[in-house]
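Peer 1: sequence and computational prediction follow.
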Amino acid sequence: MIRRDFPVKIHAGVNGRSAAVGAGVLALALASLTACGSDNNSSSSSSGGSSSNSAAAGGSSSSGSTSGGGDINCANGTLSGQGSSAQNAAVVKFIKDFQTKCGNSTNISYNATGSGPGVTAFISKQADWAGSDYPLNADQQKQADARCTNGKALSVGTIPGAIAVMYNVPGVDKLNLSAANLGKIYNGTIAKWNDQAIAADNPGVTLPDLAIQTFHRSDASGTSFNFSNYLNKTAPSDFPTAANKQWPVSKGQSAQGSKGVAQAVQSTSGAIGYAEVSYATSNNLKTAAVGNAAGKFVPLTIANASNFISKAQIDTADGNYKFNFDYTYANDNAYPAVLVTYEIACSSGNDSGKLPLLKNFLAYTANNSAQSQLEGLGYVALSSDQQSKVAAIFDGLK
């Protein structure tokens with residue numbers, strides 16, 4: 001399970017700046033995911049794309065600075081986003097806060113269809129912005145730039161988080177899984193939970209003679225990209241396939257969206273799957289401690305994910321804000337299966353009627369008022385310096 005039992009100081013800044021958070025906050029943060037942490041409930045978008053989310057509006061209009069401040073800078077109009085299911089809980093909360101402040105003349109929706117469909121919707125102008133758990137690749141960039149007419153499509157990392165390795169193994173409450181063994185499990189080389197290789201990493205744990213049922217995303221997914229990247233970079237001989245948004249291994253069973261993977265694991269004895277942490281929490285699934293490059297097993301906590309993300313190198317070329325993870329970083333308290341959700345938007349060439357709302361809402365997602373809520377939703381906050389830089393990018397949209 002996700003650990004809640006000890007006080008920690010979280011290095012919530014992704015470049016090493018820290019924010020102190022106690023065990024009680026962490027417990028409340030992770031417990032709150034059951035209520036608002038995924039598309040498993042009626043207030044969130046469906047990761048299968050069947051519904052969109054528009055938070056209830058109310059309150060009065062306000063104008064304040066978004067960059068580096070706590071106020072919301074309101075604008076009228078309608079805005080639609082689509083994509084990453086990993087960031088759904090955060091975006092749902094941000095939309096609700098923004099609309100509550102700005103009133104009935106502001107209507108924002110977000111449909112958690114997955115990173116791949118979200119980027120496709122953005123390129124085809126079916127969405128005003130997209131959420132994707134990986135930056136645009138070369139082909140997507142070319143198409144998205146064309147959609148932006150006289151501008152470039154930007155990939156701006158805004159919401160970092162962790163990928164849970166969820167499992168359903170009767171009688172096993174604590175489990176260590178190295179990157180090598182995870183690679184072998186997903187390649188089909190390890191087929192039973194009591195395999196000698198798993199047993200060696202779990203002394204004192206009684207593992208059942210039970211077939212392993214692997215589940216992966218059937219749709220194009222940034223979570224798949226980041227999880228396969230972790231396996232490939234950490235255990236290349238056991239998972240030689242390069243990272244891909246389409247799960248790159250043919251073995252195992254597939255399910256639509258993070259919601260589908262979590263539900264499949266929940267209902268299948270012997271199952272294992274991966275998803276952003278809120279899906280594990282909301283489905284009451286156990287999570288494994290995963291191996292880092294040094295072979296140490298790191299439990300999933302917000303503090304440990306933040307520690308690993310803090311060592312990422314930031315690439316700001318062409319106006320983007322990209323996180324390059326260092327999978328060689330092997331601190332005992334650095335959880336290496338992580339992701340960052342990128343907001344995809346045009347640097348210029350945006351619909352002039354929607355531009356004020358687009359700029360103001362996206363800038364709000366990066367300011368301290370929004371980012372300070374992320375740990376309570378199970379994510380990792382940007383550092384104050386990064387918040388200002390990301391908000392400035394959104395403030396500069398044209």
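Peer 2: That came through, no problem. Residues are numbered from 1 along each chain as shown.

Peer 1: every contact and neighbour count from this point should use C-alpha atoms.
Peer 2: OK.

Peer 1: would you mind measuring from Asn168 to Asp332?
Peer 2: Counting by CA to CA, to the nearest Å, the separation of Asn168 from Asp332 is 26 Å.

Peer 1: would you map the helices across the stretch 1-150 of the chain?
Peer 2: 23-36, 88-102, 115-123, 138-147 (DSSP state H, counting those that start in this stretch).

Peer 1: among the ones you listed, which is the most enclosed?
Peer 2: Stretch with highest mean neighbour count among the helices of the stretch 1-150 of the chain: helix 115-123 (a mean of 25; mean count of other CA atoms under 10 Å).

Peer 1: show me what that one is packed up against.
Peer 2: In terms of contacts (3 or more CA pairs under 8 Å, 6 or more residues apart in numbering; DSSP states H and E), helix 115-123 is packed against strand 77-83, strand 129-132, helix 138-147.

Peer 1: from the chain's centroid, how far away is it?
Peer 2: On the basis of CA atoms, centre = their mean, to the nearest Å, helix 115-123 sits 16 Å off its chain's mean C-alpha point.

Peer 1: repeat that for stretch 192-201.
Peer 2: Taking CA atoms, centre = their mean, one finds the center of stretch 192-201 at 29 Å from the center of the full chain.

Peer 1: mean confidence score for it?
Peer 2: The pLDDT scores in stretch 192-201 average 98.

Peer 1: show the end-to-end separation of that stretch, please.
Peer 2: This stretch, stretch 192-201, spans 14 Å end to end (CA to CA).

Peer 1: in that stretch, what counts as buried?
Peer 2: Within stretch 192-201, the residues that count as buried by 16 or more other CA atoms under 10 Å are Lys192, Trp193, Asn194, Asp195, Ile198, Ala199, Asp201.

Peer 1: can you tell me how far the fifth one is from Asp97?
Peer 2: So the one you mean is Ile198. Applying CA to CA, the value for Ile198 to Asp97 is 45 Å.

Peer 1: lowest mean pLDDT across the helices of the stretch 1-150 of the chain, which one is that?
Peer 2: Looking at those, the weakest mean confidence is helix 23-36, a mean of 35.

Peer 1: give the next helix or strand downstream of the longest strand that the chain contains.
Peer 2: As assigned by DSSP state E, the longest strand anywhere in the chain is strand 153-168. Moving toward the C-terminus from strand 153-168, the next helix or strand (DSSP states H and E) is strand 176-177.

Peer 1: which is the succeeding secondary structure element to that following strand?
Peer 2: With elements assigned by DSSP H and E, the helix or strand that comes after strand 176-177 is helix 179-187.

Peer 1: average model confidence for that following helix?
Peer 2: On average, helix 179-187 scores 98.

Peer 1: which strand residues bridge Lys322?
Peer 2: Counting by DSSP bridges, Lys322 is bridged to Asp315.

Peer 1: touching, it and Ile314? I think so.
Peer 2: Yes. The criterion here is CA atoms under 8 Å, and Lys322 meets it with Ile314 at 5.5 Å.

Peer 1: looking at the two, which is more packed in?
Peer 2: Between Lys322 and Ile314, Lys322 has the larger neighbour count (other CA atoms under 10 Å), namely 22 against 16.

Peer 1: let me see the contact set for that one.
Peer 2: Residues near Lys322 by CA atoms under 8 Å, 6 or more residues apart in numbering: Pro135, Ser155, Val156, Gly157, Ile314, Asp315, Thr316.

Peer 1: any chance of the residues you listed in TSV, plus distance to Leu285 and pLDDT?
Peer 2: As requested, the contacts of Lys322 are arranged in TSV below (distance: CA to CA, whole Å; pLDDT from 0 to 100):
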residue	distance to Leu285	pLDDT
Pro135	29	97
Ser155	32	98
Val156	31	98
Gly157	28	98
Ile314	33	98
Asp315	35	98
Thr316	37	98
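
Peer 1: among the helices and strands of this structure, which one scores worst on average pLDDT?
Peer 2: Lowest by mean pLDDT, DSSP states H and E among the helices and strands of the chain is strand 8-10, with a mean of 29.

Peer 1: hmm, Met297 is touching Ala288, no?
Peer 2: Let me fix one detail, which is that residue 297 is Phe and not Met. No. Using CA under 8 Å, Phe297 makes no contact with Ala288, being 9.0 Å away.

Peer 1: burial count for the nearest residue to Phe227 once chain neighbours are set aside?
Peer 2: In space, and not counting its chain neighbours, Phe227 is closest to Ala337: 6.3 Å by CA to CA, 6 or more residues apart in numbering. Per other CA under 10 Å, the neighbour tally for Ala337 reads 30.

Peer 1: pLDDT score for Asp71?
Peer 2: Predicted confidence (pLDDT) for Asp71: 76.

Peer 1: distance of it from Asn360?
Peer 2: Distance from Asp71 to Asn360, counting by CA to CA: 11 Å.

Peer 1: go on, Ser278?
Peer 2: 27 Å.

Peer 1: do Thr100 as well
Peer 2: 14 Å.

Peer 1: Gln263 too?
Peer 2: 36 Å.

Peer 1: more crowded one of those two?
Peer 2: Neighbours per residue (other CA under 10 Å) separate Gln263 from Asn360, with Asn360 holding more: 24 against 18.

Peer 1: excluding sequence neighbours, find me the nearest residue to that one.
Peer 2: Of all residues not flanking Asn360 in the chain, Asn73 sits nearest, at 5.8 Å (CA to CA, 6+ apart).

Peer 1: what's the local residue count around the one you found?
Peer 2: 22.

Peer 1: ramachandran coordinates for it?
Peer 2: phi -100, psi 110 (degrees, to the nearest 10).

Peer 1: point to the residue nearest the middle of the chain.
Peer 2: In the chain, the centroid-proximal residue (CA atoms, centre = their mean) is Ala86; its distance is 3.8 Å.

Peer 1: so how far is Asn360 from the residue lying closest to it once chain neighbours are set aside?
Peer 2: Using CA to CA, 6+ apart and skipping the chain neighbours, the partner closest in space to Ala86 is Glu276 (5.4 Å). Distance of Glu276 to Asn360, given as CA to CA: 27 Å.
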